[in-house]
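In: give me a 3D structure for the following:
(chains A and B)
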Amino acid sequence: MDRKRVPGPELSVAPLVEYPIDHERWTPQQEKRHDPKRQPEDLRPIYLKTGLISQASGSAYIELENTKLACGVYGPRPVKKIGQGFSGMGVLNCDFKFATFACVKRRNNTRQDPQEKELSQILSQALAPAVRLELLPKSVIDVYITVLESDGWGSCLAAAITAASVALAHAGIEMLDLVAGCSASYMQIGPSISSTTTETSSSSGAGNPITPQIQIFMDADTEEEKYEQGAIVLAYMPSLNEVTHLLQNGKAEGPIINQSVEHCMEACNKVYAVMHHALLESMKESKDA
Amino acid sequence: MASVADAVVPGQRLGHVQEFNVGAGTYALQDFIYASVVGLKRIMKQGGDNELPFMTVQRENSQSAIPEIEAIVTCKVVRVNPRFASVNIMVVDGKPCTDDFQGIIRVQDVRATEKDKVKIYNSFRPGDIVRAQVISLGDARSYYLSTAANELGVIFGTSVAGGSLVPISWQEMQCTKTRVIELRKCAKPL
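Out: So this is what the prediction gives:
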């Protein structure tokens, strides 16, 4: 049997037609989000549950509509790697993996590609300040993230941070606080750039400088990310009011970044409520069982 | 008694450092005590009236045990050489480890007296189950253990013939099948 590839079904089926013929692709010029029901500051509804991977010390599954990922935490266990010296602190080892079918483009299923390596590193940087590694000398905690479906890499990373910290708490590992993750994209909206410049220059004259209008879209999906100017991902400990990691890419002005950090912190507080609820639910379940 | 109101998650503020002492599952930051694990909040009263009660959080899902200094561990001897015996630590303070930790019992840590006359081969054999104490976190690989106390040493072993061994003195064990006496550093039965 071929274990390197996912074997296809024996029967062939006609492909699903994704869009009707009169389908119009979403662009930011429509002044609405890709999902028209969402306001710019709205997150997608979150489903979060602990304890789905039974053999792991702790686990969590998170779903933000089409972003779906599972996280398993193993450990603390002895350091196995030879050549690593004595360490009085524990080590947090994160492993971020996209399933082959997670993205629009098929991904490699064996090695970690550069993007996965980068995301693994960001994840461990975002989580390590919250975990009390000084209590676990000579041990390693392994965090495995498997993305089942990705809808926007920013939201994927944010969801991974959220799920991993819930899984760590579920594993009974001592932490300073839960870490909530949130992403935001800067989007240029309104009528296309050329028409905006002409209108503003003619109508307002001595008014504002000609700048395209930038809107902050929280928790952007893939379709919205195609048009983004830049994005940030914030990892934040809500009850200690501390930021553990901030990732910003693309181009943006200072005030926009400040504003989006504030938006993300607000959103993280909402995510924290979901995390809190999920952990209490897991306690209730273990009591019933 | 256990109610939903007592359930806490990491980072939840539990009280002021002037009201409580920091107990298990909590930590103090600046002037406040916070929970560090998921579980139920418990306030433990201490003997004296002027002593502060301990704020603790009882874990919901306990993390697997890891060895710490002075812990009593139960381990299995995997190989011996003239300088030390290598062991796999399986239980720490009565709590099982999900994954075995490596430890070594050096020849000078086998017993408290006549240390220069100790022979590892007359103290431990591969396959023995040993009760020992962690004396140091050791090097990059193994924890350092000691059996230099009466109640520490071999608690279970099999003889060359395959019968189980019963202790007859602090350094001899007898096979239940063949009555052959083998040398071990025995633990005093508790």
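In: near chain A, which residues of chain B? Just list them.
Out: Residues of chain B lying near chain A by Cβ under 8 Å from any Cβ of the partner chain: B:2, B:4, B:7, B:9-13, B:25, B:27, B:29, B:34, B:36-39, B:59-64, B:66, B:98-102, B:137-140, B:143. Where C-beta positions appear, they are placed from N, C-alpha and C, glycine not excepted.
In: distance from the biggest strand by length in chain B to the middle of the chain?
Out: Ordering each strand of chain B by length in residues (DSSP state E) puts strand B:95-106 first. Offset of strand B:95-106 from its chain centre (Cα atoms, centre = their mean, to the nearest Å): 9 Å.
In: that one: what's the following helix or strand?
Out: Past strand B:95-106, further along toward the C-terminus, the next helix or strand under DSSP states H and E is strand B:129-136.
In: can you list the strands that that next one pairs with?
Out: Each strand that strand B:129-136 pairs with, and the sense of that pairing, follows from DSSP bridges: strand B:72-80 (antiparallel), strand B:143-146 (antiparallel), strand B:153-156 (antiparallel).
In: the second one: which residues count as buried?
Out: If I follow you right, that is strand B:143-146. B:Tyr143, B:Tyr144, B:Leu145, B:Ser146 (16 or more other Cβ atoms under 10 Å in any protein chain shown).
In: look up how far B:Leu165 lies from the last one.
Out: Spatial separation of B:Ser146 from B:Leu165 under the definition Cβ to Cβ, to the nearest Å is 22 Å.
In: residues near B:Gly47, how many?
Out: B:Gly47 sits with 5 neighbouring residues when counted by other Cβ atoms under 10 Å in any protein chain shown.
In: for it, which three-state class applies?
Out: B:Gly47 carries the three-state label coil when classified by DSSP: H, G, I helix; E, B strand; the rest coil.
In: tell me how far it lies from B:Phe54.
Out: Counting by Cβ to Cβ - B:Gly47 and B:Phe54 are separated by 11 Å.
In: what does A:Ala14 give?
Out: A:Ala14 sits 67 Å away from B:Phe54 when distances are taken as Cβ to Cβ.
In: ditto for B:Val180
Out: Counting by Cβ to Cβ, the gap from B:Val180 to B:Phe54 is 53 Å.
In: neighbour-wise, which of the two wins?
Out: The residue with the greater number of neighbours, taking B:Val180 and B:Phe54 and applying other Cβ under 10 Å, is B:Phe54; the counts read 16 against 13.
In: surely that one meets B:Asn21?
Out: Yes. Contact status for B:Phe54 versus B:Asn21: in contact at 4.7 Å, counting by Cβ atoms under 8 Å.
In: contacting residues around whatever residue of chain B ends up closest to chain A?
Out: Of all residues in chain B, B:Gly11 sits closest to chain A, at 3.1 Å by Cβ to the nearest Cβ. By Cβ atoms under 8 Å, 6 or more residues apart in numbering or on different chains, the contact list for B:Gly11 reads A:Met175, A:Leu176, A:Asp177, A:Leu178, A:Met237, A:Pro238, A:Ser239, A:Leu240, B:Tyr34, B:Ala35.
In: and the helix or strand of chain B with the lowest mean pLDDT, which residues are buried?
Out: Lowest mean confidence among the helices and strands of chain B (mean pLDDT, DSSP states H and E): strand B:54-59, at a mean of 86. Of the residues in strand B:54-59, those buried under the neighbour-count criterion (16+ other Cβ under 10 Å) are B:Phe54, B:Met55, B:Thr56, B:Val57, B:Arg59.
In: can you check stretch B:96-111 too?
Out: By neighbour count, with 16+ other Cβ under 10 Å as the criterion, the buried positions of stretch B:96-111 are B:Cys97, B:Asp99, B:Phe101, B:Gln102, B:Gly103, B:Ile104, B:Ile105, B:Arg106, B:Val107, B:Asp109, B:Val110, B:Arg111.
In: what do you get for stretch A:31-48?
Out: So for stretch A:31-48, counting by 16+ other Cβ under 10 Å, buried means A:Arg33, A:His34, A:Arg38, A:Pro40, A:Leu43, A:Arg44, A:Ile46, A:Leu48.
In: closest one of these to chain B?
Out: The shortest distance between chain B and any of the buried residues of stretch A:31-48, using Cβ to the nearest Cβ, involves A:Leu48 and amounts to 12.7 Å.
In: thought the closest one was touching A:His276?
Out: No. Because the distance of 10.1 Å does not satisfy Cβ under 8 Å, A:Leu48 is recorded as not touching A:His276.
In: name the SS class of whichever residue of the stretch 51-200 of chain A sits closest to chain B, please.
Out: Relative to chain B, the nearest point of the stretch 51-200 of chain A is A:Asp177 (3.1 Å; Cβ to the nearest Cβ). Remark: A:Asp177 carries the secondary structure label coil [criterion: three-state DSSP].
In: got a list of what it touches?
Out: Contacts for A:Asp177 (Cβ under 8 Å, 6+ apart) come out as A:Ala130, A:Met237, A:Pro238, A:Ser239, A:Leu240, A:Glu242, B:Pro10, B:Gly11, B:Tyr34.
In: and the strands paired with strand B:129-136: which comes nearest A:Phe217?
Out: Nearest to A:Phe217 among the strands paired with strand B:129-136 is strand B:143-146 (52.1 Å), distances taken as Cβ to Cβ.
In: CA atoms only for that closest one - export them in PDB, please.
Out: Taking only C-alpha atoms (Å, rounded to 0.1, in the frame of the first residue of the first chain), the coordinates of strand B:143-146 have been written out as PDB:
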ATOM      1  CA  TYR B 143      19.200  11.800  36.900                       C
ATOM      2  CA  TYR B 144      21.600  10.800  39.800                       C
ATOM      3  CA  LEU B 145      20.000   8.500  42.300                       C
ATOM      4  CA  SER B 146      21.100   7.100  45.700                       C
END
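In: how is chain B partitioned into domains?
Out: Split into domains by automatic domain parsing, chain B comes to B:4-59, B:72-183.
In: least confident of these, on average?
Out: Per-stretch mean pLDDT for those is lowest at domain B:4-59 (a mean of 86).
In: quick one: low-confidence ranges for the stretch 101-250 of chain A?
Out: Across the stretch 101-250 of chain A, the stretches falling below the confidence threshold (pLDDT under 70) are A:190-212.
In: so what's residue 112 up against?
Out: I'll assume chain A. The neighbourhood of A:Gln112, defined by Cβ under 8 Å, 6+ apart, consists of A:Asp95, A:Phe96, A:Lys97, A:Ser120.
In: should've been chain B
Out: Neighbour list for B:Ala112: B:Ala148, B:Ala149 [criterion: Cβ under 8 Å, 6+ apart].
In: can you name the two of the buried residues of stretch B:96-111 that are farthest apart?
Out: Once Cβ to Cβ is applied, those give B:Asp99 and B:Arg111 as the farthest pair, at 29.7 Å.
In: using the three-state scheme, assign A:Lys97.
Out: In the three-state summary, A:Lys97 is assigned as strand, counting by three-state DSSP.
In: count of residues packed around the closest residue to it other than its chain neighbours?
Out: For A:Lys97, the nearest residue in space outside its immediate sequence neighbours is A:Thr146; the separation is 5.4 Å by Cβ to Cβ, 6 or more residues apart in numbering or on different chains. With neighbours defined by other Cβ under 10 Å, the count for A:Thr146 comes to 18.
In: right, I'll call it a day here.
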